[in-house]
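[1] have a look at this fold, sequence not included:
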């Protein structure tokens, strides 16, 4: 009984005192910041709009899931290749409003796919999803998403900018220091500090760039101090929608893993505090519906597609703080920050070589996580059926992305997006090869 009283931590329906609430919320916002900002810089979306949309979408997610799933919604890396194929911008450049609008429409359609998947799970259970999307499909899809980003990271890590005195040699030095710092921080920092390894790695590279004199601070205080984000309207383009929609299917395994992880942590704390059981693991349907609705909310303002962040879950686990109220305040903080022009201008002074130095690690990690899915689910690659599905997804996805302009495969007078085509082909091939196969225990 004495240990129960001494147990420190906050369950989803508990709320810290005001001071702690603000500090915990600030921490959650900082953890999501690097990845969310990075997606905006890579896709050509407006930075302040992306941050604003992240905060609004998180609040929407928490309301839709009735505060039962303490998850923060941030920009997803999985959608980067498809969105970049639409916007066609270089790192840090803003895309035209009409291109962002077309991507918005695709993201809204993607949100509908997530909502439909959530409704199917609620109606029929996980068995339907597992049949359509076994790890022989979701694993390779995650891998080709990561591999399709490899060129972006490695080429932009050494991109010169002679206007600010950034040569190729200086770019390589800054990128390599950023990469090594990010890796070392992620391996050796423990606790909450370890969850800020990406931020610390980028700060280390930024410091080196400042020492080299290749950072321009002249525009930090340009314009008004407070400015509304640049909002854009969705524009109908069914070709873009076809390219973006299937990616929602590839994020379902990630959402499942997050819920299992969260369920373990929350109920371990609940047991130690002498509280009842929190049924989180079985709320995948609710999570997918909330995620899809958050995509639609984000895209409605001009923000990219997103997902619930593993970084924030890990931070909650380490600090034993799963309070939904903390995430509400963190989302509100993100909205306030997006309105503060000097801060967004300051973030844009970070050279692209710094961000892409960290991306060498981050994008590779996405591919590695795809392999982890297949290992964790014990996929038998000696099976002729599994080998056929995995092999075709790899070659269509990776070969199509790098072999054709914009990753669009010419096919009987039309152009098919490589990653989406690989996903759909893998799903259909797996279903066909499963016909007549006897069930095993």
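    Perfect, thanks for sending it. All values derive from a computational prediction rather than experimental measurement.
[2] only C-alpha atoms from now on, for both contacts and neighbour counts.
    OK.
[3] the longest helix seen in the chain - contacts with which helices or strands?
    Longest helix in the chain by number of residues, with DSSP state H as the criterion: helix 97-124. When contacts are defined as 3 or more Cα pairs under 8 Å, 6 or more residues apart in numbering; DSSP states H and E, helix 97-124 packs onto helix 80-87, helix 126-132, helix 238-244, helix 247-250, helix 284-301.
[4] out of those, nearest to residue 212?
    In terms of Cα to Cα, the element of the helices and strands packed on helix 97-124 nearest to residue 212 is helix 80-87, at 30.2 Å.
[5] show me where this structure has its strands.
    73-75, 306-308, 408-411, 414-417 (DSSP state E).
[6] now the third one: buried residues?
    Neighbour counts using 16 or more other Cα atoms under 10 Å place 408, 409 of strand 408-411 among the buried residues.
[7] residues in contact with that strand?
    Outside strand 408-411, the residues that touch it by Cα atoms under 8 Å, 6 or more residues apart in numbering are 400, 401, 415, 416, 417, 418.
[8] now rank these by neighbours and give me the top one.
    Among the contacts of strand 408-411, the one with the most neighbours (other Cα atoms under 10 Å) is residue 418, at 29 neighbours.
[9] return the residues in contact with it.
    By Cα under 8 Å, 6+ apart, the residues touching residue 418 are 396, 397, 398, 400, 401, 407, 408, 409.
[10] so can I have TSV of those residues showing pLDDT?
    Formatted as TSV, the contacts of residue 418 follow (pLDDT from 0 to 100):
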residue	pLDDT
396	94
397	91
398	93
400	92
401	88
407	80
408	81
409	89
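[11] out of these, which sit inside helices?
    The helices, defined by DSSP H, take in 400, 401 from the contacts of residue 418.
[12] ok, so of the contacts of residue 418, who is nearest residue 335?
    Nearest to residue 335 among the contacts of residue 418 is residue 407, at 34.3 Å by Cα to Cα.
[13] nearest spatial neighbour of that closest one, chain-adjacent residues omitted?
    Computed as Cα to Cα, 6 or more residues apart in numbering, the closest residue to residue 407 that is not its neighbour in sequence is residue 401, at 3.8 Å.
[14] cool, residue 371 as well?
    residue 139 (5.9 Å).
[15] could you give the number of residues near that neighbour?
    As a burial measure, residue 139 scores 26 neighbours (other Cα under 10 Å).
[16] same check, this time on residue 150
    18.
[17] contacting residues around it?
    Counting by Cα under 8 Å, 6+ apart, residue 150 has contacts 360, 363, 364.
[18] what angle do the longest helix of the chain and helix 80-87 make?
    Here helix 97-124 points in a direction 140 degrees away from that of helix 80-87 (axes from the mean of the first three to the mean of the last three Cα atoms, to 10 degrees).
[19] chain center to helix 97-124, what's the gap?
    How far helix 97-124 lies from its chain's middle: 15 Å, per Cα atoms, centre = their mean, to the nearest Å.
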